[in-house]
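Enquirer: Fold the following, please.
(3 chains)
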Amino acid sequence: MLKAENLCAGYGGDDAIREISIEVSEGSCVALVGANGAGKSTLVKSLCGLLAPRSGKIFFDEKEITGLPASEIARRGLCLCPEGRRVFGPLTVEENLLLGAYPRLPSFGPFRKAASEELKHIFDLFPKLETRRSQQAGSLSGGEQQMLAIGRVLMARPRLMLLDEPSMGLAPVVVKEVFMAIRSLRNSGITILLSEQFARSALVISDKAYIIERGKVVLEGASTDLAKNPAVIEAYLG
Amino acid sequence: MNAEFLALAQMAVGGGLMGMAYALVAYGFQLTYAAGKAVNFGQGELVMLGAFTGLSLIGIGLPYWAAVPVAMVAGAALGWFVERAAVRLALQQRNEGWILLTIIVGLFGVSAAENIWGRDDKPFPVPWPEGALEFFGISVTWPELAIASGALGIMALVELAKRYTMLGIAVQAVSADPDAAELCGIRSKSAISLSWAVSGAAAAFAGTIIAPVTTVGPTMAAALTLKAFSVAVVAGLDSGFGLVLAGIALGSAENLSGFLLGSGWREAPGLILLILALALRPQGIFGKKIIRKV
Amino acid sequence: MLVRVNLGLREKTAERVMRLTLFFCLAALPLLWHGEYALGLLTLMAVYGVLLIGLDATVGYLGQINLAHAALFGLGAYGAALAIQSEVPLPLALLVGIAAALIPGAVLALPALRLEGPQFALSTLSFATLTVIFLNESESVTNGALGLSIIRPSLFTIVLNSTRFYWLCLLVLFVTWWASQLLLRSRFGLAIEALRDSPTATDALGIGTLRHKILAFAWGSALAGLAGALHAINFGYLQPAAFGYDLMVILLLGVVFGGRRNQWGAFAGAAVVTMLPNLLSNRTLFSSLVTFGCLLAIVSPIRTLLSRKMPSFRQTAPVAAMGGALALALFASNVEEWRKGIFALFLFAAVVGLPDGIAGALTAILRKVICFAPDPLPVATGGIQPAKNGAGLALQALNLCKSFGGVKAVDNVTLEIITGETHGLIGPNGSGKTTLVNLISGLYKADSGSVEISGVRPIPGSLMSACSAGSARTFQNLQPFSGLTALESIMVCQRYGGISEAMGWLHVVGLEAKARLRCSEMSYGDLRFLEIARALATRPYVLMLDEPAAGMSKPDIIRLVDLVTSIKRAGITILLIEHHQDVVAELCDRVSVMDGGQLIALGTSDQVRRNPKVIEAYLGSDETAIQAKSEIGAQLC
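Expert: Numbers count the residues shown, from 1 in each chain, chains lettered A, B, ... in the order given. From the prediction side, this is the model:
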């Protein structure tokens, strides 16, 4: 479903990722694992259009999306839940969720009605969000914001969901909740590409994984195999 | 004693109502600043061009009530043009080149106006009935009422649209976090262009509304820009309502100082207020205290 | 492509020769060519030259839009004029002119320079408008809108006819040019460049952004006053309206079109500004010049089109602007009336398409054609000196708390580092390590708690104060001075010593060979080492390294460990934030671990690695994978 070939991208003079190629097939859950600074975020940003790659190609559903603006890529069904949540602080929880479905909703006119079905579905998934539905998103706790961010992406009915370090900055207990949510999403059949610093959690939840170190893929394979591989520990710890 | 007080009150009220026009121009700043953290240093020129456009439209036979919306459309187009020509590049490069570029575009606007409409101040036909309403001994003329209600009306309309339409909510999202908005499928660039277009339309409206009271001329631009900035800085760019209060205060202060100190000193309170506000509380306009991330 | 001429000259020498030649030619002109009108223009050009060199200090070097310059020019003019009316001798009148601009300028600078960008522009604009109002309304002193006339005074006993006055102005320009160059290419100038690239690093390394900004602004204001004084004497008649917004825009045109950050550019701009009104009246000449400009502008987009790409806005906008100017030149009934518009179009084309102005473009071409000899570099001296530490704890941070909008980034953290210790600070991403360092180094003000560096308590929230107290740091996200070379980056940070000491610091981190390389062209790894050299050059008590190994290649990490080891041996106290566990293990005496803003463990590197809380913080916990957990845990030990 998603294929990247020989991607090079970076900020400023150097390339943060060099000749990376990855593949995500429909219905699977793939993990990108690597230490901080390895280049995972750069790769994720290139895939979803926030950063233009210097060279290489990206294909989504067999069509090339290299260099398209992020809003266009999102409209095609490749949706990112960004690092650090990045919910719209001054807007309410409900408004944040509605924005996830923005391309489908009428610009003027009754949008709440049009989206009510989806909203209900999200609130079933994350009941805590329903109780806070009219609260400002900025006042939510870290874990709740993460749920909100995931919910926002789900509202877009994504074909492929990209999760960039969903556990970052969250307490371990909350991290557990987040991963449970991700697992249930995965079980419902959504294709997921997950970028994580925490190797084990990522390997447990995914079918296939890429280990990234200093901008390159150093190991790839089935997650269950990689979890037993001592080289993973070495690569992960740098 | 009482007559003097009444005269002062008259000045203050009259000025205050005019001041709402400044608030409307300042509101234009609020819109573009919220969208992309940039403001049009040539906003006064847009007001002037709106007024001139209105004048020409009336000149070819359009009634005032039709000329105003058409002038607003022209203003929107100009606003869009300023963003495209002077702001977008600087925003992409994340520098502040838009300050100089909007000044330049404004300068070109003045030059064009001088050549199309001439350098002299021109009178604008007054569409309002003669006479005034009396409130507690203070008379409020129809133009003053029109200005106040028009300004408030436009601001209210845009605020409603911002809160109760999906488009408005999307623009708010772009203000909060343009990258995250892109990820939701919102085209941030278009949202920013839209804000500038609305800001231009508001400026044009302000022009057509003020023009019957003052004259229209190339010189009205610069003075107006600074006054609108004073209002925006002193009030802060967070709430539309704060702008209105600051506008009323500034307009009153202007009239009073012109009356008491002499017409040359009219502009002074606004300028002094601006400098003081910048010196003491700069985050009023250009951001809450920014947390530097390293 | 072009043949490169190899002169044995250094660039500085070549420039000096050119400058002297220019002045001799300019001075000789009245002797060869007699014409009052031409002389008047040349004098005006000299005065504008002084004025624009002053404006360049803020617009070019500081990079801020200064809209008060024309008003300061006016204040200088009025000040000198009033002094001359009071029979003050000419040199003193010039000084009065300088003071008349410098004092209000300084008063404006103090609040204004705490502001950035648009706020600064606004405050200067208000000041300018207020000044014109003031000049207009103070009729008893300035004669208001009616204008002030003065008679040209003599310089002591010498009567100043046109030629002599021209030479006086030329002399002033020469001295001003030379002084500006000296000032702005010295360490002061380096500091100005540094504060543009990274104000945070500039403050954190003790250089000081505010003081430099104020001095640069004051210098510019003084020159505005001086130019104003000359202008008053030249013209003999002053009106407040002449020093308003219209003039300001013309001055901006001169500085930007001529070339920012460049005295040659200011001079070129002065020439353009002086000539432009005359050019406008000669339609054929003007049209040809504009056509030439159009053709130049169109080269770049055509090249891009030929390589089958869409030209960017940057390339097409100048063409559109110059095209507009050409249309006006050819079809407008009265080109003079469109003066402002034409200035605007030129300025637009320059800002977008020719950001370095004419002078910048010509310099770039010259540098491609001529190969200048490089400046010789002295041998490196010095090295890591043993720290002159105070007694007791090098760093004591007690009960620090910092929240951002309800999120506790640092929650009651206490950190005590013994003098000479290398202390590690580890923890997962987002645990608050960098925020803690930001609190200690003075970037943020703590909500509660205290920091003491070698017994001294710096002012909370002040980077400069923390640096004076003896802390120095590197940054997780690099903060290079991109416009400076490696050597210049060190020189601007050094408290004592000259080039050889600076070379010494570069030698310590292994960057000696890259001394003349611009930071914008250095590799990521080298920039990381340069940051450490910068911090070392301030001779700190406590050196704080924020993820120095991030993104580094394996060989560089080995170099880094060697470097930190030698810093350690010199007795400098180090606080090291790192993710690479092997680096931490090798270098650190003790390690503090943070998670979720709190300190969860403190001990030696070994103790900390075995601590179950630490393992859980780093790897997370999952009850269904206990097997994997103990395996990975075993690997860590």
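Enquirer: Could you use CA atoms for every contact and neighbour count after this?
Expert: Fine.
Enquirer: host element of residue C:466?
Expert: Residue C:466 belongs to helix C:463-469 when assigned by DSSP states H and E.
Enquirer: go on, residue A:21?
Expert: Element membership for residue A:21 (DSSP H and E) is strand A:17-24.
Enquirer: Who does the one residue sitting closest to the centre of chain A form a beta bridge with?
Expert: Nearest to the mean C-alpha position of chain A, by Cα atoms, centre = their mean, lies residue A:163 at 1.7 Å. Beta bridges link residue A:163 to residue A:81, residue A:194, judged by DSSP bridges.
Enquirer: Surely it touches residue A:82?
Expert: Yes - using Cα atoms under 8 Å as the test, residue A:163 is close enough to residue A:82 to be in contact (6.5 Å).
Enquirer: Closest residue of chain C to chain A?
Expert: In chain C, the residue that lies nearest chain A is residue C:430 (4.5 Å; Cα to the nearest Cα).
Enquirer: can you count the residues close to that residue?
Expert: 18 (other Cα atoms under 10 Å in any protein chain shown).
Enquirer: That one is in contact with residue A:167, isn't it?
Expert: No - checked against Cα under 8 Å, the pair residue C:430 and residue A:167 is beyond contact range at 9.9 Å.
Enquirer: Return the list of helices and strands in contact with the top helix by length along chain C.
Expert: What stands out as the longest helix in chain C, according to DSSP state H, is helix C:209-235. In terms of contacts (3 or more Cα pairs under 8 Å, 6 or more residues apart in numbering or on different chains; DSSP states H and E), helix C:209-235 is packed against helix C:36-56, helix C:69-85, helix C:90-112, helix C:162-184, helix C:187-197, helix C:199-204.
Enquirer: what angle separates it from helix C:69-85?
Expert: Calculated by axes from the mean of the first three to the mean of the last three Cα atoms, to 10 degrees, helix C:209-235 forms an angle of 50 degrees with helix C:69-85.
Enquirer: List the buried residues of helix C:209-235.
Expert: Across helix C:209-235, burial judged by 16 or more other Cα atoms under 10 Å in any protein chain shown covers C:209-210, C:212-234.
Enquirer: For chain B, what's the nearest residue on chain A?
Expert: Nearest to chain B, among the residues of chain A, is residue A:71, at 4.0 Å (Cα to the nearest Cα).
Enquirer: so residue C:253 is in which element?
Expert: According to DSSP H and E, residue C:253 maps onto helix C:245-258.
Enquirer: Next, the angle from that helix to helix C:69-85.
Expert: For helix C:245-258 against helix C:69-85, the angle by the same axes, to 10 degrees is 110 degrees.
Enquirer: how much does helix C:245-258 deviate in direction from helix C:36-56?
Expert: Relative orientation of helix C:245-258 versus helix C:36-56 (the same axes, to 10 degrees): 80 degrees.
Enquirer: Helices of chain A, residue ranges please.
Expert: Using DSSP H, helices in chain A cover A:40-48, A:70-75, A:93-100, A:111-125, A:127-131, A:142-155, A:172-187, A:199-205, A:223-228, A:230-237.
Enquirer: Centre of the chain to the first one, how far?
Expert: Between the mean C-alpha point of helix A:40-48 and the mean C-alpha point of its chain there is a distance of 10 Å (Cα atoms, centre = their mean, to the nearest Å).
Enquirer: ok, it near chain C or not?
Expert: No - shown here: helix A:40-48 not in contact with chain C (Cα under 8 Å from any Cα of the partner chain), separated by at least 11.9 Å.
Enquirer: hang on, the earlier thing: any chance of the helices and strands packed on helix C:209-235 in a markdown table, plus mean pLDDT?
Expert: Listed next are the helices and strands packed on helix C:209-235 as a markdown table, based on pLDDT from 0 to 100:
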| stretch | mean pLDDT |
| --- | --- |
| helix C:36-56 | 93 |
| helix C:69-85 | 94 |
| helix C:90-112 | 91 |
| helix C:162-184 | 92 |
| helix C:187-197 | 90 |
| helix C:199-204 | 91 |
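Enquirer: Go through the ones you listed and pick out the most buried.
Expert: Most buried of those by mean neighbour count (mean count of other Cα atoms under 10 Å in any protein chain shown) is helix C:69-85; its value is a mean of 29.
Enquirer: Right, I'll call it a day here.
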